[in-house]
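S.K.: okay, here's the prediction I keep looking at, along with the sequence it came from:
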Amino acid sequence: MEPHPLLDAPLARLRESLQRLATASEAGDAEGRDVSSALDALSALETEVGRIRPVVSKAGYLESILSSMSDLLILAGLDGVIRIANPASKHLTGRTADELIGEQLALIFPDLSPPDFGDILQRDGVHDEERLCVTRSGEVLPASLSASVVRDEAGRPEALLCVARDLSASKRIEEERQQLYEAVQRQEILLEELSTPLLPIADGVLVAPLVGPVDGQRAARLTEALLQGVTTQHIRVAIVDLTGVREIASETIAGLLRAVQAVRLLGARAVLTGIRPEVARSLVELGAELSGVPTFGTLQAGIAHAVR
């Protein structure tokens, strides 16, 4: 077993001194007997030291563990008095370990006074529960708390071992993430509105110019925008301009037909413009049923038809 400097070195020096005295004393002399008795007592002490050396070593290991922890660790009796606190306790509470020892646990965790221990004991501890921690300056911080029940040899609860971590930084990150999410949501709503603009161009006439691909979701937004525009602006003619649409898929056709039908059900007329040859070919190949719906190659022609 490795020697312990705090235990073994003083005993070795004491034994060396007693042995020198024993050598210098005459055999049978009273002083020699006293030295011999002292040596016997020293041997007994060394035996006891050998017995407790593992305990002292374990205590040293425990001290090293406590010192290396980054989270608060506190051992509190069932009376609420703090018995052990590690150095990291200061990071969260603003109080040193020496300042915390002897104080009530409720000083830093207001909802952890002895009357509150019953729930923790009944649950045999808690894990990662959010609690409020009060610092030396009076600041209230959110903390993640885990508490284990420490029991004696008979299995009776005798203390609570608490480990806590400051949640302030993670809370700020979560709030920033939520703010970013809300900003993205607002941008998406704005982009949706911009993707289906309604432009009034004359009394009772509006244009819905489409640019880029039109999928089912965008077609649904177009239908919703047209219905609202026709109703609120008393529209007679709604022009859907496809000049900026490069490709027409079956999903696009289905969405456009629903938008046209919705406009006609409200008593307004629907007009399709921007029908280029390739778009017309796609409409035919996909079997689009556009009977009764005026179609024009240019937006200008569609507007002229609507306002005459």
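M.R.: Nice, I can see it. The shown structure was predicted, so the numbers you read here are calculated from the model rather than taken from an experiment.

S.K.: show me what the strand or helix carrying residue 271 is packed up against.
M.R.: Element membership for residue 271, per DSSP states H and E: strand 269-273. Counting by 3 or more CB pairs under 8 Å, 6 or more residues apart in numbering; DSSP states H and E, the packing neighbours recorded for strand 269-273 are strand 237-244, helix 250-265, helix 299-307. In short, each C-beta sits where N, CA and C put it, glycine included.

S.K.: so which of these gets nearest residue 153?
M.R.: Nearest of the helices and strands packed on strand 269-273 to residue 153, taken as CB to CB: helix 250-265 at 73.4 Å.

S.K.: once you drop chain neighbours, what's closest to residue 126?
M.R.: Leaving out its chain neighbours, the residue that sits closest to residue 126 by CB to CB, 6 or more residues apart in numbering is residue 147, at 5.1 Å.

S.K.: that neighbour reaches residue 161, doesn't it?
M.R.: Yes. Using CB atoms under 8 Å, residue 147 is in contact with residue 161, at 6.8 Å.

S.K.: the two: which has the busier surroundings?
M.R.: residue 147 (25 against 15; other CB atoms under 10 Å).

S.K.: got phi/psi on that one?
M.R.: Torsion angles at residue 147 (phi, psi; degrees, to the nearest 10) stand at phi -130, psi 130.

S.K.: what bridges to it?
M.R.: residue 126, residue 162 (DSSP bridges).

S.K.: who are the contact partners of it?
M.R.: Counting by CB atoms under 8 Å, 6 or more residues apart in numbering, residue 147 touches 112, 120, 125, 126, 160, 161, 162, 163.

S.K.: kindly provide the distance from it to residue 235.
M.R.: According to CB to CB, to the nearest Å, residue 147 and residue 235 sit 66 Å apart.

S.K.: mean pLDDT for the helices and strands packed on strand 269-273: which is lowest?
M.R.: Sorting the helices and strands packed on strand 269-273 by mean pLDDT places helix 250-265 lowest, at a mean of 82.

S.K.: contacts for it next, please.
M.R.: Contact with helix 250-265 is made by 213-216, 218-220, 222-223, 226-227, 230, 238, 240, 245, 269-270, 272, 282-283, 286, 288-290, 293, as judged by CB under 8 Å, 6+ apart.

S.K.: and the angle for that helix with strand 269-273?
M.R.: Counting by axes from the mean of the first three to the mean of the last three CA atoms, to 10 degrees, helix 250-265 lies at 150 degrees to strand 269-273.

S.K.: angle of helix 250-265 against strand 237-244?
M.R.: Using the same axes, to 10 degrees: helix 250-265 against strand 237-244 is 160 degrees.

S.K.: coming back round to it: and which of the contacts of residue 147 is nearest to residue 139?
M.R.: Distances from residue 139 to the contacts of residue 147, taken by CB to CB, are shortest for residue 112, at 17.6 Å.

S.K.: strands along the stretch 1-150 of the chain, start to end?
M.R.: According to DSSP state E, counting those that start in this stretch, the stretch 1-150 of the chain carries its strands in the segments 72-77, 82-85, 126-134, 140-151.

S.K.: most neighbours per residue, which of those strands?
M.R.: Across the strands of the stretch 1-150 of the chain, averaging neighbours per residue (mean count of other CB atoms under 10 Å) puts strand 72-77 on top, at a mean of 22.

S.K.: rounded mean pLDDT for that one, please.
M.R.: In this model, strand 72-77 carries a mean pLDDT of 90.

S.K.: where along the stretch 151-300 of the chain do the helices fall?
M.R.: 168-195, 216-232, 250-265, 277-285, 299-307 (DSSP state H, counting those that start in this stretch).
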